[in-house]
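Enquirer: what's the 3D shape of this:
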Amino acid sequence: MSLSQDYKGSCFCGAVEFSLRGAPAAMAYCHCSSCRHWSAGPVNAFTLWQPENFKITKGADYIGAYDKTAATKNEAGMSNRQWCKTCGGHVYIDHPSMGVVDVPAVLIEGFKFEPGFHVHYQETVHPMKDGLPKFKDLPEGAGGSGQELAE
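Expert: Numbering: from 1, shown residues only. Model prediction:
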C-alpha cells in the first residue's frame, strides 16, 4: 500500500470528486457477471472502505445511482452503483448490507493496488495465475461459503 493515507479521485470528466482517509478494509478482484458488466471488463479491481473514510468533495448533485436488485426484484440490494450523470464515469458502489463503500482501484490517484484475493471466481472469464486465494463466492467473513477454487 502507498505510504500516503489520504487519497483523492474523480469520475472520468472530473465533475465528481471524492476523498479517502486511512487504508482500505480489503483490496481484491471480482469476477462476477454484475461487476464485469458494470466495469465493461473481464475482471474488476476493487477496494473496500469504511463509509466514514469516504467523502464526496465535489459534484454530489451529479451523482446518479442504480440498484439492480431493487430494480428487478423489488427488494433492497447489495450493490447500489453510483456514477457521474455528466460523463457516465463510475464513482463508487455502496454495499449497505456489508457496511462498506467499494471504490474502483483505478480511480484513486497515487494508490498502490495490492489485491489479497479473488471473489466469485466460479464466474471467471479471465483465469489469473497469481498465487492469490480464489474464492468460489465470498470469504466466510463476508457472508460467503469460504470455499476456495484451484488456480
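Enquirer: hmm, residue 136 is touching residue 148, no?
Expert: Yes - between residue 136 and residue 148 there is a contact at 7.2 Å, judged by C-beta atoms under 8 Å. The C-beta positions use only the backbone N, C-alpha and C, and glycine is treated the same way.
Enquirer: identify the bridge partners of residue 30.
Expert: Applying DSSP bridges to residue 30 gives these bridge partners: residue 44, residue 119.
Enquirer: can you give me the strands for this structure?
Expert: Taking DSSP state E to define them, one finds strands in the chain at 6-10, 17-21, 26-30, 44-49, 54-58, 63-67, 80-84, 90-95, 100-104, 118-119, 134-135, 148-149.
Enquirer: now render those strands as CSV, adding distance to residue 125 and mean pLDDT.
Expert: Below are the strands of the chain laid out as CSV (distance: least, C-beta to C-beta, whole Å; pLDDT from 0 to 100):
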stretch, distance to residue 125, mean pLDDT
strand 6-10, 27, 97
strand 17-21, 29, 98
strand 26-30, 12, 96
strand 44-49, 12, 96
strand 54-58, 29, 98
strand 63-67, 23, 93
strand 80-84, 20, 95
strand 90-95, 20, 94
strand 100-104, 18, 96
strand 118-119, 13, 96
strand 134-135, 14, 97
strand 148-149, 14, 96
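Enquirer: now these in CSV, with distance to residue 141 and mean neighbour count?
Expert: What follows is the strands of the chain, written out as CSV (distance: least, C-beta to C-beta, whole Å; neighbours: other C-beta atoms under 10 Å):
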stretch, distance to residue 141, mean neighbour count
strand 6-10, 25, 18
strand 17-21, 22, 18
strand 26-30, 10, 21
strand 44-49, 12, 22
strand 54-58, 21, 15
strand 63-67, 24, 15
strand 80-84, 22, 20
strand 90-95, 14, 22
strand 100-104, 12, 23
strand 118-119, 12, 24
strand 134-135, 11, 24
strand 148-149, 14, 14
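Enquirer: and residue 127, which of those is closest to it?
Expert: Set against residue 127 and scored by C-beta to C-beta, these come closest in strand 134-135, at 9.0 Å.
Enquirer: outside of the closest one itself, list whatever touches it.
Expert: 117-121, 144-151 (C-beta atoms under 8 Å, 6 or more residues apart in numbering).
Enquirer: tell me which of those is nearest to residue 32?
Expert: residue 120 (3.7 Å).
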